[in-house]
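Asks: Compute the structure for the input listed below.
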Amino acid sequence: MLDVEVSSFSGEVLASLHVEEDSVAVSAIRAALEPALPGACVRADLVSQAGHRFEDDEEVTSPLGCGCIVRLVAVLSSEVPDMCLRRFRRCAYMGEDSDLNAIYSVEVPGLRKGLGVAMREFRVPSASEGADHRCVDAAIAGMRELAGQSTWHPRLARVYGAFFEPWDCRIRLFVQRLTGPSIAQWIRQSGPLAMADVRGYAADIVEALGFLHSSGVAHGGIRGASMFLDSSGAVLEAPSGQVRKAADKLRVQQAWSTVGGWCKLLWLAPENLTGQESSELANDIWAFACTVMEMGTGQPPWQHLRGGDDNSIMEIFCVVSEKSRRGARSLPVGTLPEDCLDFLDSMLIRDMAARPAAHEVARHPFLRPD
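Replies: Below you'll find the predicted structure:
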């Protein structure tokens, strides 16, 4: 017989396990520990009192024979070590994003069961092609810092970590996998959202954005395709802007060479297209306003200003940099209610320094009708 007791560093007993054999698999101990792990924890390493860290394929035995209690300490973490990420296993190909970066469903050793993990692959030029990968190192460090945060917003998908493989020129970013339909998918199937839903989902996302911005981190990819629905509201896709920006900087031929990629420019702030110095946090606010417009109209932002089916880069550049100057008031009369138009215009300010911060947007009367 063998009894195993798992405690936290503070001495709180998290799980106990009794087996009739004289050894027990680490995987069985993890299963018993699972229900006691706090929500912010994505993994728990098991360490003996002598300091040995157990791997998943090991077994725990009593050094003093049967009938003794083996006491282990659970080292809780919200960050996945690089060595675990590098042992990932692809489960399924999930498609590509609008920049043609591949997305896979993966399993990562050491993560809690039931945690859905997606891996985004960003392919970049090699050093032999003249690429300077120092910007990648900075982006990876930023993602690891995010992954290590002990608190997280429930309306923002988690970042688990990232690493770069110079030999195959791929940045691999590991994030929480979201399974619900995206708002863009929902709109394509069902048309514009009811205004009550626009309010509710916008409130969810701006709270998540405020949490992210409070750490000085921009999302860099806000639009209907990056917002997913679940039973209680909207969840914002994990931020990948730092990695995406580094990858775009290094690519010899931009992935925006497709129609879908060009159309993504419709969510960008004007200063992004004119080569001005820009604030990434302010860019997020403009993109968020465009996404609210997308939810309310059931179409990509500024669709009413575009000339038929012209998806050329020049047409889209003209729409974003010039035709959008009237903001939400350029929409046909009656498209959106007055309070929504006022909400949009409070963010669609061409002077990026004058755009409100996320916490200020969250206090707008449109999101708090009562």
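
Asks: Name the nearest residue to the residue nearest the centre of the chain, ignoring sequence neighbours.
Replies: Centroid check for the chain by C-alpha atoms, centre = their mean gives residue 238 as the closest residue, at 0.3 Å. Using C-beta to C-beta, 6 or more residues apart in numbering and skipping residues adjacent in sequence, the residue nearest residue 238 is residue 175, 3.6 Å away. Quick note: C-beta positions are derived from backbone N, CA and C, even for glycine.

Asks: likewise residue 125?
Replies: residue 131 (4.1 Å).

Asks: Quickly note the distance from the closest residue to residue 234 other than its chain neighbours to residue 219.
Replies: Leaving aside its chain neighbours, residue 234 sits nearest to residue 201 (3.9 Å; criterion: C-beta to C-beta, 6+ apart). Going from residue 201 to residue 219 by C-beta to C-beta, to the nearest Å gives 15 Å.

Asks: Likewise for residue 186?
Replies: Taken as C-beta to C-beta, the span from residue 186 to residue 219 is 20 Å.

Asks: who's more crowded, the two?
Replies: Neighbour count, other C-beta atoms under 10 Å: between residue 186 and residue 219, residue 219 has more, with 26 against 20.

Asks: Show the contacting residues for that one.
Replies: Residue 219 makes contacts with 209, 212, 226, 236, 239, 241, 284, 287, as judged by C-beta atoms under 8 Å, 6 or more residues apart in numbering.

Asks: Quick check, the third one in contact with residue 235.
Replies: No - with contact defined as C-beta atoms under 8 Å, residue 226 and residue 235 do not form a contacting pair (9.8 Å).

Asks: about what we covered before: and the residue nearest to residue 234, how far from residue 14?
Replies: 36 Å.

Asks: Can you classify residue 138 as helix, strand or coil?
Replies: helix (DSSP: H, G, I helix; E, B strand; the rest coil).

Asks: Quick check, pLDDT for the closest residue to it other than its chain neighbours.
Replies: Distance criterion C-beta to C-beta, 6+ apart; nearest residue to residue 138, sequence neighbours excluded, is residue 246 at 7.2 Å. For residue 246, the pLDDT comes out at 79.

Asks: What about residue 246, how many residues nearby?
Replies: 23.

Asks: so where does it fall, helix or strand?
Replies: Taking DSSP states H and E as the definition, one finds residue 246 inside helix 241-250.

Asks: Wait, residue 300 touches residue 266, no?
Replies: Yes - between residue 300 and residue 266 there is a contact under C-beta under 8 Å: 5.3 Å.

Asks: wait, what's in contact with residue 111?
Replies: Neighbours of residue 111 in contact, by C-beta under 8 Å, 6+ apart: 42-43, 80, 84, 117, 160.

Asks: Format the residues you listed as TSV; extra columns: pLDDT, neighbour count and secondary structure.
Replies: Listed next are the contacts of residue 111 as TSV, based on pLDDT from 0 to 100; neighbours: other C-beta atoms under 10 Å; DSSP: H, G, I helix; E, B strand; the rest coil:
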residue	pLDDT	neighbour count	secondary structure
42	76	23	coil
43	77	22	strand
80	78	25	coil
84	83	19	helix
117	91	21	strand
160	89	27	strand
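
Asks: What's the mean pLDDT across the longest helix seen in the chain?
Replies: For the chain, the longest helix by residue count, based on DSSP state H, is helix 195-214. Across helix 195-214, pLDDT averages out at 94.

Asks: Can you list the buried residues in that helix?
Replies: 195, 197-213 (16 or more other C-beta atoms under 10 Å).

Asks: cool, and stretch 16-34?
Replies: 17, 24-26, 29-30, 32-33.

Asks: quick one: low-confidence ranges for the chain?
Replies: 39-40, 63-67, 98-100, 150, 251-263, 275, 307-313, 370 (pLDDT under 70).
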